[in-house]
Every structure is written in structure tokens, then in C-alpha cells.
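**Q** coords please:
(one chain, ligands or ions: 1)
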Amino acid sequence: MTIHVELGVSSYDIELSRGALSRVGELINLNRKVMVVTDSGVPTEYADTVASFAKEAFKVVIPQGEESKNFDCLQTLLAEMLDAGFTRKDAVVAVGGGVVGDLAGFAASMYMRGVDFYNIPTTLLSQVDSSIGGKTAVDFHGYKNVIGAFYQPKKVIIDPNVLATLDKRQVAAGMAEAIKMSLTSDAEMFAMLENADDIYADIDTVIEKALRIKKYVVECDEKEAGLRKILNFGHTVGHGIETQQAGALYHGECVALGMLPMCSDEVRARLIPVLAKAGLPTELVLDSAALREVMTAVSHDKKSAVGGVDAVLVHAPGSFEIKKLSLPEIEEKTKQSFC
Ligand code: GLY
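**A** Numbers count the residues shown, from 1 in each chain. Now for the predicted structure:
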């Protein structure tokens, strides 16, 4: 199935189909120099498959993990292209999760002021969310994604078969982002997840529904001036928890927890069993020192504008309110959920 993302001159298609990776040579033009960027946690055959179709392939493997989203790795990618004599007509393909996509996309946006970028996300989280919409970035001075660019891919190829090799906890972390989107934007999708005996049984439909939400949001608001903020539902407190947990919880697990303080009581009562069914955390106990660490991280978040944070609240599935909340208001909500 092809889902078109309409963004004027930056429009592109998302190819969503099982086996798409093995047809990558038909789906994108690899008859040129191609830098294939992957990480040490992704099965090597995925990047090798892409490389095998390229006229001239240059594979770069970065260390797995958020720590790779830095200027050193960015420079490694840029140096690889320069040393290999890449021109503006050559291409970059990311094969991996959000870190690989953000880093490779940013390198593609910068090299000679922009070369073609293709994203082949291999985690559920990047398939439903981060591979779509053109956000690319590195972390800097302890701030996540603070240096980056909006740079849309030329195509995104999503092959659900690759999820078979993904650790179950990582799959659950991706499901958190799909649940997030259903809560703000698609009450029927939320009900589908709520009523499913096995929430993972029809993962292709979950991916498709999440992609249609993301496509709509990005088409309405590519640069996050308004509506796109709803994709940050669960992320304000979630990022704070992620920093405080220092790697013990995955991003998607923190988003799952971060949604809880931002829901009405009624929605929270329905959300908790869905998170539990997905294998996501539903509880966290923060003592006063830990709460302080969470709130310090929330206040450092780049989205914490003067006068408060644009928080996304869900009072009923399929709807949202974007409301400026002060840090004490966020702290109070966090306390109610976790202290
Ligand atoms: N992952 C949030 C966004 O794409 O805006």
C-alpha cells in the first residue's frame, strides 16, 4: 500500500508492505552512490540488502543508542560522503530506528545543501512516528534534538516483516506512540486497541492507522506551529521521566507514563488496561528527589517556552486540548500520578 504525504515540492510516498525491503531496488533509485546508515543493534542483513542494490554502496554502522545522536557521528557521516566523492545527485538511506533516521536525515540535509534521503525504519516506533514528517536532529549540551532541520525524505519504506527480529520491549515502546496518536486523533482506533485480545495481532493495521494520523497532522502543520504539537502528547512529563530514569526506561515507555498525568480520570481509567495489555509500564513511584529531577528536565526541555509549556491534554479519546501549563501545574499533575 502506498500512502502519499502531500507537502508541495517536498511531497513523498510511504510504501507500507510486507517484503518491501527485498524490493527496495525497485522502490528507490539506487543506481548511484548510496550511503547506507545503520546501527550496531540492527540485523546487518537489512542494510546489506539495501547496499546490494546500489551501484556504489558505502555502509556506515554507528553505535546503537541515543548517545550516537551527536556531532561526532554527524561528522563521520559527512566525512564518509566527502571522502567517497558524493555529489548532489547521490543519496543517503537510513536503515534503523529513530536515532539512525534523525542522524542520517540531518547529514543528508546538510551535505552540499541537501541530497536525496530515504528512510527504512526498522523499529515500530520509527515506523509509526519518527520516520514520517522530516524531523532530523542531533542532541547537544544535554538537550535532546536541539540542533536539527525539517528535511523531508524522498520516500519511506515500511516493511512490518522486520519487526520479527525486534525485542518485545522495543515493539511495546513503539506501540506507546500508536496509542498516543489514537487518543488524540482517532477514537475508533483507540476502541480497536481497547477491544483487541492481542493488541499486536494486527500490527499492520495499527501501523497504517497511525501513519494516516501522522500524515494528516504533518500535512496540516509541517513545521509544528500548531496541530503538530499533539504528537507531543505524553512527551512533556515523558521526557522528564526519561532523563530521570537515565536509560532504565525506553522513550516509548516514558511516553506511556507521561500520558497518564495529561488525561482526564475517565480516559486514564481506560488507558491503563491498554498500556498493560501492550506490555507498557502503568505505574512509577517518584520520591521527592526524583520528582525534582523530572521537573528540572521538564523545565530544560526546548519546548518549555517562556510562560509555560504547551501541554496536550486528552479529556476524551479522539480529542485534545493544547493548553499552556505552568511548571507548578505540571508538577502537581505529575505528583498526582506518581507520588
Ligand atoms: N515525533 C513527533 C513529530 O514528528 O512531530
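**Q** up against the ligand, what does the chain have?
**A** Contact residues, the chain versus the ligand (Cβ under 6 Å from any ligand atom): 129-130, 133, 135, 228, 231. (C-beta placed from N, C-alpha, C; glycine too.)
**Q** separation between residue 287 and residue 244?
**A** Using Cβ to Cβ, to the nearest Å, one gets 11 Å for the distance from residue 287 to residue 244.
**Q** neighbour count: the two, which is higher?
**A** Set residue 287 next to residue 244 and count neighbours by other Cβ atoms under 10 Å: residue 244 wins out with 22 against 9.
**Q** grab the nearest non-local neighbour of the more buried one.
**A** residue 293 (4.2 Å; Cβ to Cβ, 6 or more residues apart in numbering).
**Q** check contacts around the residue of the stretch 1-150 of the chain found nearest the ligand.
**A** Closest to the ligand within the stretch 1-150 of the chain is residue 133: 4.2 Å, counting by Cβ to the nearest ligand atom. Residue 133 is in contact with 152, 214, 217-218, 222, 228, counting by Cβ atoms under 8 Å, 6 or more residues apart in numbering.
**Q** name the SS class of it, please.
**A** coil (DSSP: H, G, I helix; E, B strand; the rest coil).
**Q** ok, now how distant is it from residue 311?
**A** From residue 133 to residue 311 the distance is 20 Å (Cβ to Cβ).
**Q** just the buried residues of the contacts of residue 133.
**A** Buried subset of the contacts of residue 133 (neighbour count, 16 or more other Cβ atoms under 10 Å): 152, 214, 217-218, 222, 228.
**Q** what is the nearest of these to the ligand?
**A** For the buried ones among the contacts of residue 133, the nearest to the ligand is residue 228 (5.1 Å; Cβ to the nearest ligand atom).
**Q** just checking, that closest one touches residue 221?
**A** Yes: using Cβ atoms under 8 Å, residue 228 is in contact with residue 221, at 4.3 Å.
**Q** name the residue closest to the centre of the protein, please.
**A** The centroid of the chain falls nearest to residue 130 when counting by Cα atoms, centre = their mean (2.9 Å).
**Q** which one is that one nearest to, not counting chain neighbours?
**A** residue 98 (4.0 Å).
**Q** number of residues surrounding that neighbour?
**A** With other Cβ under 10 Å as criterion, residue 98 counts 23.
**Q** can you pull out the strands in this protein?
**A** 2-5, 12-16, 33-39, 56-62, 91-96, 116-121, 135-140, 143-150, 155-158, 309-313, 321-325 (DSSP state E).
**Q** hey, least reliable of these by pLDDT?
**A** In terms of mean pLDDT, the lowest-scoring of those is strand 143-150 (a mean of 92).
**Q** show me what that one is packed against.
**A** For strand 143-150, the contact count by 3 or more Cβ pairs under 8 Å, 6 or more residues apart in numbering; DSSP states H and E identifies helix 98-110, strand 135-140 as packing neighbours.
**Q** would you indicate which residues of that strand are buried?
**A** 144-145, 147-148, 150.
**Q** do stretch 3-16 as well
**A** 3, 5, 7, 12, 14-16.
**Q** contacting residues around that stretch?
**A** 1-2, 27, 132, 134, 152-158, 160, 204, 207-208, 211-212, 215, 218-219, 222.
**Q** report how many residues lie close to residue 231.
**A** Residue 231, neighbours per other Cβ under 10 Å, totals 24.
**Q** what's the nearest residue to it if we skip its chain neighbours?
**A** Excluding its sequence neighbours, the residue lying closest to residue 231 (Cβ to Cβ, 6+ apart) is residue 217, at 6.2 Å.
**Q** cool, and residue 38?
**A** Residue 38 sits nearest to residue 47 (Cβ to Cβ, 6+ apart), 3.9 Å away.
**Q** also residue 2?
**A** residue 13 (5.1 Å).
**Q** can you tell me how far that neighbour is from residue 319?
**A** Going from residue 13 to residue 319 by Cβ to Cβ gives 30 Å.
**Q** can you map out the helices along the stretch 101-250 of the chain?
**A** With DSSP state H, counting those that start in this stretch as the criterion, the stretch 101-250 of the chain has helices at 124-125, 168-185, 187-195, 203-220, 235-245.
**Q** what angle do the second one and helix 235-245 make?
**A** With axes from the mean of the first three to the mean of the last three Cα atoms, to 10 degrees defining the directions, helix 168-185 sits at 160 degrees from helix 235-245.
**Q** so what's the closest residue in space to residue 237 that isn't next to it in sequence up against?
**A** Spatial nearest neighbour of residue 237, chain neighbours left out: residue 258 (4.1 Å); criterion: Cβ to Cβ, 6+ apart. Residues in contact with residue 258 (Cβ under 8 Å, 6+ apart) are 234-241.
**Q** go on, residue 119?
**A** 93-94, 101, 104-105, 126, 131, 153, 155-157.
**Q** the same query, at a cut-off of 7 Å, please.
**A** Each residue near residue 119 by Cβ atoms under 7 Å, 6 or more residues apart in numbering is listed here: 94, 101, 105, 131, 153, 156.
**Q** list the beta-bridge partners for it.
**A** Counting by DSSP bridges, residue 119 forms beta bridges with residue 94, residue 156.
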